[in-house]
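Enquirer: With the input below, show me the fold.
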Amino acid sequence: MHPKKLKNILLFCTILACSVCMPMQTMAQTDPLIEKVAQKLAQVNDYVAEGVMKTDVSFIKASLGKVKVYFKKPNLLKVKKEGGISLLPRGGVSLTINTLLNTKQYTTIPAGTQVLNGKNLTVIKLIPTDDNLDWVISTLWIDPVEALVYKTATTTKENGSYEINMQYGEYAKQGLASKIIFSFNTKDYKLPNGITLEFGDEDPAAKQKALKNKKGTIEITYSKYTINKGIPNNIF
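Expert: Modelled structure (predicted):
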């Protein structure tokens with residue numbers, strides 16, 4: 001083989017090997033609209049949100065309850081329910097968009113547009129670039145003018161798939177929702193320890209029957225945000 005041709009082949013193989021070994025974070029592509037959303041959220045370093053949580057899960061004895069949601073960059077998140085247990089999923093990455101986008105451990109794929117509640121929204125899929133993250137794919141429906149995310153659909157490794165719909169009000173300029181509606185399939189959902197069920201834990205068959213193909217929703221309506229006042233790490 002001609003020495004020049006052999007040199008070119010070796011150079012190509014070297015480039016290919018480097019590209020395979022390169023961490024995915026350096027190769028990730030970010031959509032400009034996602035960047036626009038992220039810039040809006042970047043105004044918020046931390047917040048404490050106060051609101052009311054309503055659950056609609058057939059096999060869980062729960063009622064309306066006051067909640068506080070604590071968030072701190074980049075992805076610290078905690079939900080406290082007054083007099084009870086939070087029913088939000090373990091590792092619910094997109095309970096707030098802040099916790100998802102602040103990690104920047106994803107690549108984006110455009111997925112067209114869709115009309116949702118009368119709004120023409122841009123659809124963008126996020127694929128994680130870190131195998132240690134607990135989610136597999138997340139789809140965002142975004143208003144391209146307001147740079148607000150109105151819906152997310154996320155598939156996780158251990159808690160199945162769930163959707164979150166968002167409404168906005170007084171805190172829209174900071175990208176913070178006034179209401180979120182979290183929907184999930186109970187058969188894929190891992191209940192937190194301590195939840196009181198409407199059937200006996202001693203009957204696994206009854207438990208499985210109750211979980212099968214049931215839909216659950218959790219709504220949080222926020223009344224107040226306290227933004228960028230500082231939150232100690234021990235809260236989380």
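Enquirer: Any idea what Tyr168 is bridged to?
Expert: For Tyr168, the beta-bridge assignment (DSSP bridges) gives partners Ala177.
Enquirer: neighbours around it, how many?
Expert: The number of residues packed near Tyr168 is 18, by other Cβ atoms under 10 Å. C-beta here means a position set from N, CA and C on the backbone, and glycine is covered the same way.
Enquirer: and what of Val37?
Expert: Val37 - counted by other Cβ under 10 Å - has 23 other residues nearby.
Enquirer: Okay, and it sits in which element?
Expert: The secondary structure element spanning Val37 is helix 32-41 (assigned by DSSP states H and E).
Enquirer: Downstream of that helix, the next helix or strand is which one?
Expert: Per DSSP H and E, the helix or strand that comes after helix 32-41 is strand 46-56.
Enquirer: Could you list the low-pLDDT ranges of the chain?
Expert: Under the criterion pLDDT under 70, the flagged ranges of the chain are 1-29, 58-63, 84-96, 186-213.
Enquirer: let's see it at 50
Expert: For the chain, residues meeting the criterion pLDDT under 50 lie at 2-28, 91-94, 193-202.
Enquirer: So which bits of the helix holding Val37 are buried?
Expert: The neighbour-count check on helix 32-41 (16 or more other Cβ atoms under 10 Å) flags 33-34, 37-38, 40-41 as buried.
Enquirer: can you give me the helices in the chain?
Expert: Counting by DSSP state H, the chain forms helices over residues 3-21, 32-41, 97-101, 204-211, given from the N-terminal end onward.
Enquirer: could you pull out the strands for the chain?
Expert: 46-56, 65-72, 76-81, 106-116, 119-128, 135-143, 148-156, 161-168, 177-185, 215-227 (DSSP state E).
Enquirer: Just put the ones you listed in JSON lines and tack on distance to Phe236.
Expert: Conversion of the strands of the chain to JSON lines gives the following (distance: least, Cβ to Cβ, whole Å):
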{"stretch": "strand 46-56", "distance to Phe236": "11"}
{"stretch": "strand 65-72", "distance to Phe236": "7"}
{"stretch": "strand 76-81", "distance to Phe236": "5"}
{"stretch": "strand 106-116", "distance to Phe236": "22"}
{"stretch": "strand 119-128", "distance to Phe236": "22"}
{"stretch": "strand 135-143", "distance to Phe236": "19"}
{"stretch": "strand 148-156", "distance to Phe236": "20"}
{"stretch": "strand 161-168", "distance to Phe236": "21"}
{"stretch": "strand 177-185", "distance to Phe236": "20"}
{"stretch": "strand 215-227", "distance to Phe236": "16"}
